[in-house]
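Chemist: quick check, what structure comes out for this input:
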Amino acid sequence: MARRPLVSVISLFSSVLATPRSPRDFLALLDPVHSSRQLRGIVTHVSRPVPGTATISFRTGPGWKSHEAGQWARIGVDVNGVRQWRSYSLSAAAGEDPEITVTDIGKVSGALVRNTEPGDVLFLDRPEGDFTLPEHPRPLLMLTAGSGITPVMSMVRTLVPRRPDADVVLIHSTRTSDSSPFREELDELAQQFPGLRVHHHATADEGRLDLTGPNAVDALCPDWRDRAAYACGPTGFLDDAEDLWEREAGFGAAGLKIERFQADLAGGVAGAGGLAVFENSDLEAEAAGDIPLLEVAEDAGVAAPSGCRMGICHACLIPLRSGQVTDLRTGEVHGDPGELIQTCVSAAAGPVSLAL
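Modeler: Alright, predicted model coming up:
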């Protein structure tokens, strides 16, 4: 029994020496983040600051482009033998090794929160997104709710300790006072740096943060109309903020930068759904009428392109070979052969074939 590992090692190195290899091939044998085919990261630290949440730090391999504060990246995780891709905001400061903070909601996030340990390998795509700090310094207001704090945390970590002229007001809404994974760090930063003021709002004790009128924001940040504003959180929270800025400040979305984590999807048409055929991958799967075809493809193990996952960036456009789809935002059924469809907001309205 003791000889088997030694035999395996000798066999491995024999095959390596007998086959022409590049220096990158030898690095890949020693460090799993070195790969010529796929960006990778190796998990260096995992913390679980509050129940149901994990902060995962990782070291990246060659090809990774350092993220800007507020950007997101697609992360690939193998779940039950199938590689799943999801987009996560990067919560580390710009220029530092990336980290993500994940809540245990859904199959992939749940697997990350419950199972990830140091040494695990994550599959990566390059950072994207324009929810980033302004080019020139100016007073800022950050409005966040729930996990919407994640990209803003990257901004705070980047800006506040590095610029003595920083002027940031952060209003963060959570369900309870101890449910925010960043509360302790934010309070310490606010004590250390006068350029950061933090207001915590616990909905369980104080009710929902009311953004339907200006009173709540006036009380916490009287000069909010003169600040560059950022907002990230649930759909209703962001809709109220957008309406408030348009009504009270007179410039709407132009003066309020918004990051939305999910689309507002309508249910599928009654009787819709069917067999989805992924022609290029020679795979097929049953697709429900209210599930985006992007998720159906990923669950089937198909390497489907994606980006924002909410119908905005159009990174997921794929030709429809046959059949029709339901637009989950509007309920409209459409589709002609060759039409480009957004798989993240399209569901099968009967049998469909895709160029995937």
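Chemist: please, where are all the helices along the stretch 51-200 of the chain?
Modeler: 107-115, 149-159, 183-192 (DSSP state H, counting those that start in this stretch).
Chemist: tilt between the second one and helix 183-192?
Modeler: Right, helix 149-159. Helix 149-159 and helix 183-192 meet at an angle of 30 degrees, taking axes from the mean of the first three to the mean of the last three Cα atoms, to 10 degrees as the criterion.
Chemist: tell me how far helix 149-159 lies from the chain's centre.
Modeler: Remark: helix 149-159 is offset 14 Å from the chain centroid, using Cα atoms, centre = their mean, to the nearest Å.
Chemist: that helix packs against which elements?
Modeler: Contacts defined by 3 or more Cβ pairs under 8 Å, 6 or more residues apart in numbering; DSSP states H and E place helix 149-159 against strand 82-89, strand 99-103, strand 140-145, strand 168-174, helix 183-192, strand 228-233. Yep, even glycine has a C-beta here, placed from its N, CA and C like the rest.
Chemist: hmm, try it at 6 Å
Modeler: Helices and strands touching helix 149-159, by 3 or more Cβ pairs under 6 Å, 6 or more residues apart in numbering; DSSP states H and E: there are none.
Chemist: isn't residue 196 right up against residue 160?
Modeler: Yes - at 4.8 Å, residue 196 counts as touching residue 160 under the criterion of Cβ atoms under 6 Å.
Chemist: joint contacts of those two?
Modeler: Shared contacts of residue 196 and residue 160, defined by Cβ atoms under 6 Å, 6 or more residues apart in numbering, are found at residue 189.
Chemist: what is the mean pLDDT for the strand or helix carrying residue 287?
Modeler: According to DSSP states H and E, residue 287 maps onto strand 283-288. When pLDDT is averaged over strand 283-288, the result is 87.
Chemist: looking at the helices of the stretch 51-200 of the chain, which one is packed in the most?
Modeler: Sort the helices of the stretch 51-200 of the chain by mean neighbour count, taking mean count of other Cβ atoms under 10 Å, and helix 149-159 sits at the top with a mean of 25.
Chemist: between that one and strand 168-174, what angle do the directions make?
Modeler: Using the same axes, to 10 degrees: helix 149-159 against strand 168-174 is 160 degrees.
Chemist: let's see helix 149-159 as CSV, backbone CA atoms only.
Modeler: Presented in CSV, the C-alpha positions along helix 149-159 are these (Å, rounded to 0.1, in the frame of the first residue of the first chain):
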residue,chain,number,x,y,z
ILE,A,149,-23.3,46.7,0.3
THR,A,150,-20.8,44.4,-1.4
PRO,A,151,-19.6,46.5,-4.4
VAL,A,152,-19.8,49.6,-2.3
MET,A,153,-17.6,48.0,0.3
SER,A,154,-14.9,47.8,-2.4
MET,A,155,-15.3,51.5,-3.1
VAL,A,156,-15.1,52.4,0.6
ARG,A,157,-12.0,50.2,1.1
THR,A,158,-10.4,51.8,-1.9
LEU,A,159,-11.2,55.4,-1.4
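Chemist: circling back: now find how far off-centre the strand holding residue 287 is within its chain.
Modeler: The gap between where strand 283-288 is centred and where its chain is centred comes out at 25 Å by Cα atoms, centre = their mean.
Chemist: quick one: the most centrally placed residue in the chain from residue 261, how far?
Modeler: Residue closest to the average C-alpha location in the chain (Cα atoms, centre = their mean): residue 88, at 1.9 Å. According to Cβ to Cβ, to the nearest Å, residue 88 stands 10 Å off from residue 261.
Chemist: do the same with residue 152
Modeler: To residue 261, residue 152 is 12 Å away according to Cβ to Cβ.
Chemist: spit out the contact partners of the residue nearest to the centre of the chain.
Modeler: By Cβ under 6 Å, 6+ apart, the residues touching residue 88 are 75, 100.
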